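Undergrad: One predicted model, sequence on top.
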Amino acid sequence: MVRKNNGLSYALTVLILTWSITAALFIQPSIGLKVFPMIMFIPASIAIIFNILGGKEFNGFKKKMNAKALLFGILYPFVFILLCAAITQILGIGTLNADKLPDSKMLFTILITILLNLFTVLGEEYGWRGYLLPKFTEQWGKTKATVILGIIWALYHVPAVFFLASTTGIRNPMLLCLIQAGCVFAISFPFSYCYYLSENIIPVLFLHSVWNVINTNVLGNIYTNKHGMMNGNIVLFNGEGVLGFVLGGLFIYWFVHQFKKDRFQVKTSIDV
């Protein structure tokens, strides 16, 4: 029973601290806008504390990273965001701003930003995929573990999305929270899949960093309501907006199929 409760107690601790600290930061909106990224380090910080208290070592870097996992971590978010941009153009819900197309200097800046951002997303991934996902997977299997973690991860984002939307003048912040939470839940499946490919969080760090950087540069920043290369209603076509939710939701079936297939293969090999 202690083992089963350990992951959930970690999740509850992270959520309580995140919601409380975010609310405190936005008592003064100007301060909240500047320092809200600090909440990204809460999952990792609590995971370190739980590991110390539990007398266990962190094993997210112990397994050897493979090329398939790394390529998936880099290419999936890149292709997903470009697909969103293409669909946006086809449906006419947004238009490409040719003035913001990247030149060689901007491409270099994006690359450096992705590399530097690896440290920032480590603050989340050390906790979510490095600490919590393995525990949930051991208890409930890949699909159920991903579903539960997806819900927790979505709840973790709610206060930041709500306060940022309210501060930057985005309409219907509660509706935006629901949409973004749905997107986070949907994208938790490729994140889990990426981790399961090697059980090393480095590929997941790239997935997270590439997603954050490419999504904001191409489809805009849904948190601060700033446009990227596409003009229009960001909430409609952003990777963490309506289109991202629909597209990500469609992909869930494939990832669940992969989780079940992997389970069948492992069971078969054991039986043999």
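TA: The structure has been received and is ready for your questions.
Undergrad: And stretch 222-232, end to end?
TA: Stretch 222-232 has its terminal residues 12 Å apart, counting by CA to CA, to the nearest Å.
Undergrad: And that stretch, what's buried?
TA: For stretch 222-232, burial by neighbour count (16 or more other CB atoms under 10 Å) applies to 222-223, 225, 228-230, 232. The C-beta positions use only the backbone N, C-alpha and C, and glycine is treated the same way.
Undergrad: just stretch 43-59 next, same as before
TA: Quick answer for stretch 43-59 (16+ other CB under 10 Å): 43-44, 46-47, 50-51.
Undergrad: Show only the entries of those found in helices.
TA: The members of those that map onto helices under DSSP state H are 43-44, 46-47, 50-51.
Undergrad: Out of these, flag the one nearest to residue 8.
TA: residue 50 (11.7 Å; CB to CB).
Undergrad: Could you tell me which residues make contact with the closest one?
TA: By CB atoms under 8 Å, 6 or more residues apart in numbering, the contact list for residue 50 reads 6, 10, 13, 131.
Undergrad: let's go with 6 Å and repeat that
TA: By CB atoms under 6 Å, 6 or more residues apart in numbering, residue 50 lies in contact with residue 10.
Undergrad: From residue 56, how far out is it?
TA: Using CB to CB, to the nearest Å, residue 50 is found at 8 Å from residue 56.
Undergrad: same question, residue 176
TA: 38 Å.
Undergrad: Low-confidence stretches in this protein?
TA: Across the chain, residues meeting the criterion (pLDDT under 70) sit at 1-5, 57-62, 262-272.
Undergrad: hmm, try it at 90
TA: The chain contains residues with pLDDT under 90 at 1-6, 29-30, 32-34, 36-37, 51-65, 97-104, 164-173, 222-226, 260-272.
Undergrad: Show me the helices in it, by range?
TA: Using DSSP H, helices in the chain cover 2-25, 29-35, 42-54, 67-91, 104-127, 133-140, 142-168, 173-198, 202-218, 234-237, 242-271.
Undergrad: any idea which of those helices is most buried?
TA: helix 202-218 (a mean of 24; mean count of other CB atoms under 10 Å).
Undergrad: Show me what that helix packs onto, helices and strands only.
TA: helix 67-91, helix 104-127, helix 173-198 (3 or more CB pairs under 6 Å, 6 or more residues apart in numbering; DSSP states H and E).
Undergrad: Tabulate these (CSV), appending distance to residue 30.
TA: Listed next are the helices and strands packed on helix 202-218 as CSV, based on distance: least, CB to CB, whole Å:
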stretch, distance to residue 30
helix 67-91, 30
helix 104-127, 21
helix 173-198, 18
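Undergrad: Out of those, which gets nearest to residue 140?
TA: Here helix 173-198 is closest among these (CB to CB), at 12.0 Å.
Undergrad: Between helix 67-91 and that closest one, find me the angle.
TA: 150 degrees (axes from the mean of the first three to the mean of the last three CA atoms, to 10 degrees).
Undergrad: Run the angle between helix 173-198 and helix 133-140 for me.
TA: Using the same axes, to 10 degrees: helix 173-198 against helix 133-140 is 80 degrees.
Undergrad: Give me the helices and strands touching helix 173-198, please.
TA: Looks like helix 173-198 contacts helix 67-91, helix 142-168, helix 202-218, helix 242-271 (3+ CB pairs under 6 Å, 6+ apart).
Undergrad: Would you mind saying which of the ones you listed lies nearest residue 26?
TA: Here helix 142-168 is closest among these (CB to CB), at 4.1 Å.
Undergrad: Packing partners of that closest one?
TA: helix 2-25, helix 133-140, helix 173-198, helix 242-271.
Undergrad: tell me how far that helix is from the chain's mean position?
TA: Distance of helix 142-168 from the chain centroid (CA atoms, centre = their mean, to the nearest Å) equals 9 Å.
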